[in-house]
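Novice: let's see this in three dimensions:
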Amino acid sequence: MATGLGHPSSIPSFRLGDWLVHPPLNRICRGSQVRQLEPRVMHVLICLVDRPGEVLSREALLKIVWGETVVCEEALTRAISDLRRAFEDDAKQPRYIETIRKTGYRLVCPVEWRIEATGEPANPIRRRRRLRWAILVAFLVVAAVGATALLWHSPRLSGPPLSAVLQGVPFTSYPGTERHPAISPDGTRVAFAWDAGGGTDRDIYLKQENTEIPLRLTRHPDREEYPAWSPDGSTVAFIRRGEESGIYTVPAIGGNVRRLIQLDHLGSGLDWSPDGERLAFAASAHSRQGPRIQLLSISSLEKEEVEAPPPAYQGDESPVFSPDGASIAFVRKDQAYAEDVYQVSVHGGTPRRLTSMRAVVVGLDWTPDGNHLILSTSRRGQYELWRLTPADGALAWLPTPGQMALRPSVSQEGHRLVYERVMGTDDICRIDLDEDARSGARSVPFITSTRLDQGASFSPDGTRVAFVSTRSGHHEIWVCDAEGDDARRLTSFGGPLILRPHWSPDGDRLAMSVLVDGRFTIFVVEVEDGGVPQRLTASDEDAVVRFWSPRDGCIRYDAGLPDAWRPKCVHPDDGRIEATQDLEARLLCEGPGGETLYYMRYQTSGIWRRAAAGEEMTLLPIDEVWIDYWHPIIPTADGLYYQRQAEEGAVLMVCDFATGRCDSLYQFLPFHGAQMSISPDGRTLLFECGDAECDLMLVENFR
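Specialist: Residues are numbered from 1 along each chain as shown. Here you go, the predicted structure:
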């Protein structure tokens with residue numbers, strides 16, 4: 001079955017009862033009421049409108065709307081629920097959509113198409129039937145002379161509506177990374193942070209159009225970032241991190257640097273109010289508190305808190321004043337580390353949630369008219385630019401050339417946009433953990449391609465390695481041998497983000513967390529046969545796999561609940577889910593054989609250990625201050641490996657249980673580190689490595 005109407009972006013407006021439906025905008029209206037629908041929810045509605053009064057099976061709707069993407073029927077049930085909520089429909093006495101038990105759904109409300117100039121209803125169904133032969137002939141002609149072009153320009157049914165690619169030109173092309181661009185109010189200059197070709201120290205630079213050599217505004221060994229322009233364009237404020245951490249200003253023509261306030265725990269982002277009187281920033285009182293949006297008075301240097309995130313949330317960052325100065329848009333990170341955009345009055349109060357993406361947001365800025373926000377988000381797996389309409393939450397994709405687009409900045413005059421374009425590689429490297437490694441380990445490439453390769457994991461017998469790669473065009477699970485050769489693909493999810501695979505104790509299956517409908521969900525796939533992965537968890541909460549226990553065969557995972565992350569386990573054979581004992585701690589991993597568990601306790605430092613069959617926890621005799629929960633630790637019989645975070649990048653550490661001594665083995669580069677895996681014989685360590693360059697792109701006539 002195929003839907004005759006096609007993609008919602010090509011369907012004219014029509015009326016259902018009291019509601020006017022605008023498919024290209026994913027919007028329905030009734031008088032002054034405007035409600036926004038998710039693109040796939042609108043697509044489901046269009047399928048029903050295509051066959052009014054007819055029963056469409058669940059299988060047909062899933063195939064049309066979701067295509068090859070692996071989803072369960074719950075996704076369709078939720079879409080129907082969203083439609084009923086939007087139309088204020090009652091499932092028991094339906095006026096719009098009727099559920100046909102054990103079969104599917106049908107539209108029971110008459111469809112009224114708008115009237116064309118000819119006086120005939122603009123019904124695309126009727127028009128489709130009337131022009132069937134003409135379309136067939138046209139298709140044959142196009143197929144004969146340009147089928148490839150037709151397919152290239154056809155919109156993907158599973159993606160966002162395609163808009164024109166932003167035609168940007170390189171604004172900088174220096175060695176190293178140029179980050180955190182801020183375009184001046186008049187659009188003629190860009191301030192940015194640059195490492196001058198390498199290292200971790202960044203200074204603030206300023207570049208004017210049609211000039212190649214930038215003006216260096218700061219010279220300091222600490223890292224400086226997030227420049228922000230005063231409204232008159234005379235001064236640049238910025239954040240400094242390090243020994244002299246705080247917020248500073250410097251004249252835009254160069255000159256003396258002035259410290260406004262000393263702050264040790266600054267978050268991301270900095271913005272200057274339109275009246276020039278205040279700076280908005282994010283900061284926390286200590287390292288274990290999430291950052292909060294605050295205002296700093298330029299004249300009195302007094303600061304005040306605008307809004308504190310809920311206790312279970314990770315914090316608020318990236319504040320930007322609206323053009324009228326009345327409100328601040330910012331990014332809020334929830335307890336699952338998922339991010340969305342919010343808006344709050346400068347006088348405080350309850351913030352209004354503008355998006356429900358639960359993705360990562362890297363930078364946002366207002367358009368001059370205050371009607372839209374331009375932001376970078378990973379909602380589709382890769383960082384892209386989007387236009388957000390705060391009034392109704394509508395999101396429109398802004399395609400850009402290149403790999404990743406981050407941190408957009410929009411000028412108040414001149415219709416210009418500048419953003420970061422990141423180009424890099426993601427590979428998997430190997431370290432041999434022999435005796436010589438204690439005096440300085442060296443890494444060599446292990447799995448490489450022109451696409452992303454990450455999340456390597458040794459099989460229990462050490463003969464195979466599973467990893468995530470985009471070499472087929474999407475995130476999929478691949479398996480190779482212990483030498484990195486003979487790679488083969490196991491999954492065909494076709495698009496969603498996939499986290500690191502975890503082996504079953506017998507090495508026959510792999511568990512992974514897959515981003516489905518905005519939530520991480522656990523799937524299991526057979527290693528030898530591949531095939532369709534089995535879904536184990538629902539999408540009402542995030543489920544991030546920690547490990548597959550050899551002790552009881554249960555897949556331990558973190559469940560993102562409304563108040564915090566809580567440990568759970570799912571039995572892969574029957575799908576049974578159990579909540580594990582709440583120890584006021586977060587489970588990190590288990591030791592060899594599953595007999596020992598390792599934890600990080602809330603509001604305390606170090607790594608804690610207990611027997612899997614016991615209850616008492618003991619602090620390991622390791623002289624460390626804080627372990628980052630999201631970076632792995634790998635226990636062995638005699639000690640453990642972990643990553644210590646530092647300004648210059650992560651450091652690979654090895655600690656001995658008997659002596660408590662910790663030695664550094666390897667200094668990761670800034671873009672290296674993250675997930676690690678050690679072979680069962682303890683001789684080889686795999687980790688994510690790569691390199692990246694970041695240039696600034698300028699878009700003219702941006703509207």
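Novice: does residue 272 touch residue 232 like I think?
Specialist: No. Residue 272 is beyond contact range of residue 232, at 10.0 Å (criterion: C-beta atoms under 8 Å). Glycine gets a C-beta too; all of them are placed from N, C-alpha and C.
Novice: tell me which of those two has more neighbours.
Specialist: For residue 272 versus residue 232, neighbours defined as other C-beta atoms under 10 Å are more numerous around residue 272 (24 against 12).
Novice: ok, what's across the strand from the more buried one?
Specialist: Listed beta-bridge partners, residue 272: residue 279 (assigned using DSSP bridges).
Novice: so how far is residue 278 from it?
Specialist: Counting by C-beta to C-beta, to the nearest Å, the gap from residue 272 to residue 278 is 8 Å.
Novice: how about the strands in the stretch 601-703 of the chain?
Specialist: For the stretch 601-703 of the chain, applying DSSP state E, counting those that start in this stretch gives strands covering 608-611, 618-619, 633-635, 639-644, 651-656, 662-667, 673-678, 684-699.
Novice: please parse this structure into its domains.
Specialist: If you go by automatic domain parsing, the domain ranges for the chain are 8-153, 168-414.
Novice: let's test this: mean pLDDT of the first one, rounded?
Specialist: Average pLDDT, domain 8-153: 70.
Novice: ok so, going back, now, of the domains of the chain, which is deepest in the fold?
Specialist: Highest mean neighbour count among these (mean count of other C-beta atoms under 10 Å): domain 168-414, with a mean of 18.
Novice: re earlier: dump the domains of the chain to CSV, plus distance to residue 593.
Specialist: Shown next, in CSV, are the domains of the chain (distance: least, C-beta to C-beta, whole Å):
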stretch, distance to residue 593
domain 8-153, 34
domain 168-414, 30
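Novice: just so I know, which of those domains lies nearest residue 512?
Specialist: Nearest to residue 512, of all the domains of the chain, is domain 8-153, at 11.9 Å by C-beta to C-beta.
Novice: pLDDT below threshold where in the stretch 201-350 of the chain?
Specialist: For the stretch 201-350 of the chain, the stretches with pLDDT under 70 are 287-288, 312, 335-337.
Novice: who does the helix or strand that contains residue 293 pair up with?
Specialist: Applying DSSP states H and E as the criterion places residue 293 in strand 292-297. Using DSSP bridges, the strands paired with strand 292-297 in its sheet are strand 278-283 (antiparallel), strand 303-307 (antiparallel).
Novice: where along the stretch 51-200 of the chain do the helices fall?
Specialist: Ranges of helices in the stretch 51-200 of the chain, per DSSP state H, counting those that start in this stretch, are 58-66, 73-87, 124-130, 132-153.
Novice: got the residue ranges for the strands in the stretch 101-250 of the chain?
Specialist: Taking DSSP E, counting those that start in this stretch as the test, the strands found in the stretch 101-250 of the chain are 104-107, 111-113, 168-170, 178-183, 189-194, 203-208, 215-216, 223-229, 235-241, 246-251.
Novice: now for residue 480: which residues touch it?
Specialist: 447, 464, 465, 467, 486, 487, 488 (C-beta atoms under 8 Å, 6 or more residues apart in numbering).
Novice: want to try TSV for these, with distance to residue 77 as columns?
Specialist: Conversion of the contacts of residue 480 to TSV gives the following (distance: C-beta to C-beta, whole Å):
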residue	distance to residue 77
447	39
464	38
465	38
467	34
486	41
487	37
488	35
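Novice: now these in CSV, with secondary structure, neighbour count and distance to residue 180?
Specialist: What follows is the contacts of residue 480, written out as CSV (DSSP: H, G, I helix; E, B strand; the rest coil; neighbours: other C-beta atoms under 10 Å; distance: C-beta to C-beta, whole Å):
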residue, secondary structure, neighbour count, distance to residue 180
447, strand, 23, 32
464, strand, 17, 42
465, strand, 27, 36
467, strand, 26, 32
486, coil, 9, 43
487, coil, 16, 37
488, strand, 8, 41
